[in-house]
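# Fold the following.
(chains A and B)
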Amino acid sequence: MAKILVFLEHHGMELQKGALGVLSKAAQLGGDIAGVVVGKGARAVADEAGKFGASVVFAADDPRLAAPLPQPRVDVLAKLVRDEGFETVLFAQSVLAADVAGALSARLEAGLNWDLVDIVADGDGFIGKRPALADSVYADVCWTSTPRLALFRSGSFDANATGGSAEVRGLEVELEDFSTLTELVSQEEEEESTGPSIEDADVIVAGGRGLGDPEKFALVEDLARALGGAVGATRAVVDAGWYPYASQVGQTGKSVSPKLYVAVGISGAIQHKVGMQSSNVIVSINKDPNAPIFEYSDLGVVGDLHEIVPKLTELVRSRKGS
Amino acid sequence: MKIAVCVKAVPDAATGRRLDPATKHLDRSADLTLSDFDSHAVEEALKLKEAAGDGEVVIVSMGPEKAMDALRKALAMGADRAVLVSDEALAGSDLVGTAKALAGALGREEADLVLFGQQSADGDGACLWAAVAEHLRRPTISQAAELTVEDGSVTGKRQTEFGYDTIRAPLPAVVAVSDAINEPRYPSLKGIMGAKRKPQETLSAADVGGAADAATTVLALNPPPARGDSRRVEDDGHGAQAILEFLAEKRLV
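The predicted structure follows:
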């Protein structure tokens, strides 16, 4: 049976939803599924992973691992993969996870396939599904040796709590000399936003230039709140300073695949399309009937967003209230 | 200060990027251009050199021979010389092989700072620097949107999913910069003319101690999954209602 290890990133005292989604997927693939949590509070959050399908969770809790920096984590994972003989290591996309996966690939001479949206069993191995070239092609990719490393696009899998519990095992930490040279000088938390981050959200309502001015983002925020979702933005409005970069969806921002993506006043340039077209359901509102976004929307409404969005927000609220 | 900038020569997005159905790799037979993401790294290197008052900016890349044409744009921007690892023996390398070959080329340079762009423009990869830093056994910072170098260390500020991190590493270090860090300069006519005369070196696989190495492969290329029916309605005052009904049908509200 496949021996799979899932990198479980945590922030504060919470395992990240993206990582739990990948863990849920791994559990569906079958075999021995283990997780690894690295950093401050690792032991305390580790057993939560049992509910999502891990039978064993390795926890490395050490003061030298407190900062969210990749290189000490590579030391922990490399040793764990070698000691336990894991054949496959899965990661959910994040700034930290990409760096860990890239360096681990070099350390273990292990193949890394990134930006995957799915993985399926294939004999003793796996096939990954990877959208390429602005998602115009879906490549079937695989690994020619073990360990295999895979990095999944945000939102590829749902985190399904199915019950179960995990045995938590502590890890001894041995760090390379160069792994501890980088230091975190300071960390500013993003001010507590009104909802989930776009990586974590099942619903994203995103605004573009069609809003007209930055204040109109309130319409997008209201609808996002009513739907219990996060707010996204196009590169154009982020560049214009209307909304923070953390919300940017697209080629130079984040790739997301929520259950529902509502595009408000977004024309749908290819750079934006790349970041959101793997969403399950796409609804768009735009006054330009020729906007490219309509070509890949499940439902497109041609009209004035300033009329439609507030009405929709009201309708959603009253439906939820009833 | 000596700065090495790792760049990739990519097929021009405007003239179309395609995958070769035979090799299932990116078709790099057309003209190649300097990746936009990497031009931000070149710009940052030039700014750091200018601020320091002296130093050298070396462009390091791996690719087919004609990739040198694309590297010349970086020279035209102001970089001092270019090193291209180009060898048929390295064709087909994935992250594992590319990181080793680049680390081999960088090992010959012993730069104080190695810069990367935030992602590849054609392969969407965003982790090569981490693999290269691992081979070089150097500290690394990624996605830096601000960069300062002083007193033998480099400090980068970056945005993550949770907020802003400020990270410091002693030199020599490997740093990937985000495209929010600067606006790359346009090469001047003088720069373009001068670029041709700047040193341009090609290295073989043997020079960098590498051979083609890949631990991943592409099995098949498929069309993207169909989106299903696309519905379009004109808002006649009932647009919001139509959306709500659609969401209800899909069990999204």
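# Now look at the biggest helix by length in chain A and say if it contacts chain B.
Secondary structure of chain A read by DSSP state H shows that its longest helix is helix A:305-321. Yes. Under the criterion of Cβ under 8 Å from any Cβ of the partner chain, helix A:305-321 makes contact with chain B via A:E307, A:I308, A:V309, A:K311, A:L312, A:E314, A:L315, A:V316, A:R319, A:K320. Placement of C-beta: from N, CA and C, glycine included.
# By neighbours, which of those wins?
In terms of neighbours by other Cβ atoms under 10 Å in any protein chain shown, the residues of helix A:305-321 next to chain B top out with A:L312 at 29 neighbours.
# contacting residues for it?
Each residue near A:L312 by Cβ atoms under 8 Å, 6 or more residues apart in numbering or on different chains is listed here: A:L223, B:A240, B:I243, B:L244.
# ok, the last one to chain A distance?
When Cβ to the nearest Cβ, to the nearest Å is the yardstick, B:L244 and chain A sit 5 Å from each other.
# same check, this time on the second one
Using Cβ to the nearest Cβ, one obtains 4 Å as the distance from B:A240 to chain A.
# Strands along chain B, start to end?
With DSSP state E as the criterion, chain B has strands at B:2-7, B:9-11, B:32-34, B:56-62, B:81-85, B:113-116, B:140-150, B:153-159, B:163-170, B:173-177, B:200-203, B:216-222, B:231-234.
# Which members of the residues of helix A:305-321 next to chain B are the farthest-apart pair?
Greatest spacing in these, by Cβ to Cβ: A:E307 and A:K320 (21.3 Å).
# so what pLDDT did A:G195 get?
What the model reports as pLDDT for A:G195 is 63.
# picking that back up, turn the residues of helix A:305-321 next to chain B into CSV, including pLDDT and distance to B:V85.
As requested, the residues of helix A:305-321 next to chain B are exported to CSV (pLDDT from 0 to 100; distance: Cβ to Cβ, whole Å):
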residue, pLDDT, distance to B:V85
A:E307, 95, 58
A:I308, 96, 54
A:V309, 97, 52
A:K311, 96, 59
A:L312, 96, 55
A:E314, 96, 60
A:L315, 95, 59
A:V316, 95, 56
A:R319, 90, 60
A:K320, 84, 58
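# Of the residues you listed, which is the nearest to A:G85?
A:K320 (49.3 Å).
# low-confidence ranges in the stretch 1-150 of chain A?
A:1-2 (pLDDT under 70).
# And the lengthiest helix in chain B, what does it pack against?
If you go by DSSP H, chain B has its longest helix at helix B:36-52. Using 3 or more Cβ pairs under 8 Å, 6 or more residues apart in numbering or on different chains; DSSP states H and E as the contact criterion, the elements in contact with helix B:36-52 are strand B:2-7, strand B:56-62, helix B:67-77, strand B:113-116, strand B:140-150, strand B:173-177.
# which one of the ones you listed lies closest to A:E167?
For the helices and strands packed on helix B:36-52, the distance to A:E167 is smallest for strand B:140-150, at 33.5 Å, taking Cβ to Cβ.
# Report the contact partners of residue 95.
All of this is about chain A. A:V95 touches B:S142, B:Q143, B:R158, B:T160, B:E161, counting by Cβ under 8 Å, 6+ apart.
# I was after chain B.
B:L95 neighbours (Cβ under 8 Å, 6+ apart): A:G102, A:S105, A:G111, A:L112, B:G125, B:C127, B:L128, B:A131, B:T216.
# Count the neighbours of the closest residue to B:A126 other than its chain neighbours for me.
The shortest distance from B:A126 to any residue other than its chain neighbours is 4.0 Å, reached at B:Q119 (Cβ to Cβ, 6 or more residues apart in numbering or on different chains). For B:Q119, the count of nearby residues is 24 (other Cβ under 10 Å).
# Next, give phi and psi for B:Q119.
Dihedral angles of B:Q119 (phi, psi; degrees, to the nearest 10) stand at phi -170, psi 160.
# Next one: it relative to B:A9, how far apart?
Applying Cβ to Cβ, to the nearest Å, the value for B:Q119 to B:A9 is 15 Å.
# and the longest helix of chain B, how far from the chain's centre?
On the basis of Cα atoms, centre = their mean, to the nearest Å, helix B:36-52 sits 13 Å off its chain's mean C-alpha point.
# and the angle for that helix with strand B:173-177?
120 degrees (axes from the mean of the first three to the mean of the last three Cα atoms, to 10 degrees).
# For helix B:36-52, give the mean pLDDT please.
Helix B:36-52 comes out at a mean pLDDT of 97.
# Residue 117: how many residues sit nearby?
No chain was given, so I picked chain A. Other residues near A:V117 number 20, with proximity taken as other Cβ under 10 Å.
# oops, chain B please
Neighbours of B:G117 (other Cβ under 10 Å): 28.
# before we move on, what SS does A:A121 have?
At A:A121 the chain is in strand, as set by DSSP: H, G, I helix; E, B strand; the rest coil.
# And the residue nearest to it when sequence neighbours are not counted, how close does it get to chain B?
Ranked by Cβ to Cβ, 6+ apart and with sequence neighbours excluded, the top spatial neighbour of A:A121 is A:L29, at 5.8 Å. From A:L29 across to chain B, the span is 18 Å (Cβ to the nearest Cβ).
# residues touching A:L29, list them.
By Cβ under 8 Å, 6+ apart, the contact list for A:L29 reads A:A2, A:I4, A:I119, A:A121, A:F126.
# Which pLDDT value goes with the residue nearest to B:A91 when sequence neighbours are not counted?
Closest residue to B:A91 apart from its sequence neighbours, by Cβ to Cβ, 6+ apart: B:A212 at 6.3 Å. We note a pLDDT of 76 for B:A212 in this prediction.
# Surely B:A212 and B:G97 touch.
Yes. Assessed by Cβ atoms under 8 Å, B:A212 is found in contact with B:G97 at 5.7 Å.
# The two - which one has more neighbours?
B:G97 (21 against 16).
# so that one sits right up against B:A214, yeah?
Yes. Here B:G97 lies in contact with B:A214, judged by Cβ under 8 Å, at a distance of 5.6 Å.
# Name every strand pairing with the helix or strand containing A:L90 and say which way it goes.
Per DSSP states H and E: A:L90 is located in strand A:88-92. Strand A:88-92 sits in its sheet next to strand A:3-7 (parallel), strand A:148-152 (parallel), going by DSSP bridges.
# Any figure for the gap between B:G123 and B:R28?
From B:G123 to B:R28 the distance is 11 Å (Cβ to Cβ).
# can you check B:D229 too?
From B:D229 to B:R28 the distance is 38 Å (Cβ to Cβ).
# repeat for A:V309
Going from A:V309 to B:R28 by Cβ to Cβ gives 45 Å.
# same check, this time on A:Q277
Distance from A:Q277 to B:R28, by Cβ to Cβ: 25 Å.
# Grab the nearest non-local neighbour of B:V58.
What sits nearest to B:V58 in space, not counting adjacent residues and going by Cβ to Cβ, 6+ apart, is B:A4, at 4.8 Å.
# That neighbour touches B:R108, doesn't it?
No. Contact criterion Cβ under 8 Å: B:A4 and B:R108 do not qualify, at 9.9 Å.
# pLDDT score assigned to the residue of the stretch 1-150 of chain B found nearest chain A?
Closest residue of the stretch 1-150 of chain B to chain A, Cβ to the nearest Cβ: B:C127 (2.7 Å). For B:C127, the pLDDT comes out at 94.
# would you list every one of the helices in chain A?
A:17-29, A:42-46, A:70-84, A:95-108, A:217-227, A:235-239, A:270-276, A:305-321.
# Of these, flag the one that's most buried.
helix A:95-108 (a mean of 26; mean count of other Cβ atoms under 10 Å in any protein chain shown).
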